[in-house]
Structure formats: structure tokens, C-alpha cells
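Chemist: could you look at this predicted model? Sequence included:
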Amino acid sequence: MQYHELIMQLEIPSTAEIIVEGVEFLLHTDKDREDMFLECLDNPGSEIEYLRKRRKYCIDTFGYKNKEEFVYDYEVNCDKALERLFQEKIIDFKMKKLKTNDPIEIYNTYVEQGKYCTFLEVAYLA
């Protein structure tokens, strides 16, 4: 199941940008999308909660385990490193809110805020 099929079958309006973006970013495989479909099909309005849990799972599974790995990846490709750290799409609007380009400061602020914090929570503080 492709992401646009999932959105259509769950009747998610295109104006629900947070949900659409979450589906595109967090659900990489057909199985991921099928799991969301089965979970949310008979439970209208549960999409946000499903994606919140999925983001936490992705942070636990694919996120950085140490600062050194994040710093290295940040120096190679800062957008990809930030997306992996926060498990959310990093767009220009969000990047403009980031007060520092220092990956150590970003990571330390991330740890202080807790591993499930959002990019914007860290951007306003780092």
C-alpha cells in the first residue's frame, strides 16, 4: 500500500498536513502503512496518536545512541542527521528557528529536553 492510498482509504484530508507529513516520513514500507491502516480503520481520529507512537518507536530503533555519531553525521549532512535525531521532516521553516549550528549544543539540548522532544522545542533553546 502506497502512502497516498493509505491517506485516501483512511479519508485523511489533504489539509491535515501534520498527518500527511507523518505518514510520508515515518511509514517507510508497505507493511508500515498496512499496520497503520488496520490500527486506524475503525478508529477515526486515531491517526495522530498512531503517528506519535510510531515516531517514538523510530526514535528508539533508529535514533542516535551517542553524541559522537550525531556530530559526525551532522557535519556530513545536517538535515539528514537532524531528521534521524528527531524522526521528523526538517523543513526550511524549522531550520530558520534553530539558534545555533553547533551539533554538540544541539545534541546536549536534545538530551536535556528528553529523547521524544521535537525539533522546534530544541531549536528555540539551543
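Modeler: Cool, the structure landed. Numbers count the residues shown, from 1 in each chain.
Chemist: going forward, measure contacts and count neighbours with C-alpha atoms only.
Modeler: Will do.
Chemist: the longest helix along the chain packs against which elements?
Modeler: Among the elements of the chain assigned as helix by DSSP state H, the one spanning the most residues is helix 47-62. If contacts are counted by 3 or more C-alpha pairs under 8 Å, 6 or more residues apart in numbering; DSSP states H and E, helix 47-62 sits against helix 17-26, helix 30-40, helix 78-86.
Chemist: report the outermost residue of the chain with respect to its centre.
Modeler: Of all residues in the chain, Asp42 has its C-alpha farthest from the mean position, at 24.7 Å, by C-alpha atoms, centre = their mean.
Chemist: how close does that one get to Met36?
Modeler: Taking C-alpha to C-alpha, to the nearest Å as the measure, Asp42 falls 11 Å from Met36.
Chemist: just the CA trace of stretch 33-42, in CSV.
Modeler: Coordinates of each C-alpha in stretch 33-42 appear next as CSV, following Å, rounded to 0.1, in the frame of the first residue of the first chain:
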residue,chain,number,x,y,z
ARG,A,33,1.4,1.6,6.1
GLU,A,34,-0.8,-1.5,6.3
ASP,A,35,-0.2,-1.6,10.1
MET,A,36,-1.5,2.0,10.4
PHE,A,37,-4.4,1.2,8.1
LEU,A,38,-5.5,-1.8,10.3
GLU,A,39,-5.0,0.2,13.5
CYS,A,40,-6.9,3.3,12.4
LEU,A,41,-9.5,1.9,10.1
ASP,A,42,-12.3,1.5,12.6
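Chemist: list the buried ones in it?
Modeler: Neighbour-count burial for stretch 33-42, with 16 or more other C-alpha atoms under 10 Å as criterion, is recorded at 33-34, 36-37, 40-41.
Chemist: run a quick neighbour tally on Leu125.
Modeler: 15 (other C-alpha atoms under 10 Å).
Chemist: where does it fall, helix, sheet strand or coil?
Modeler: Three-state call for Leu125 (DSSP: H, G, I helix; E, B strand; the rest coil): coil.
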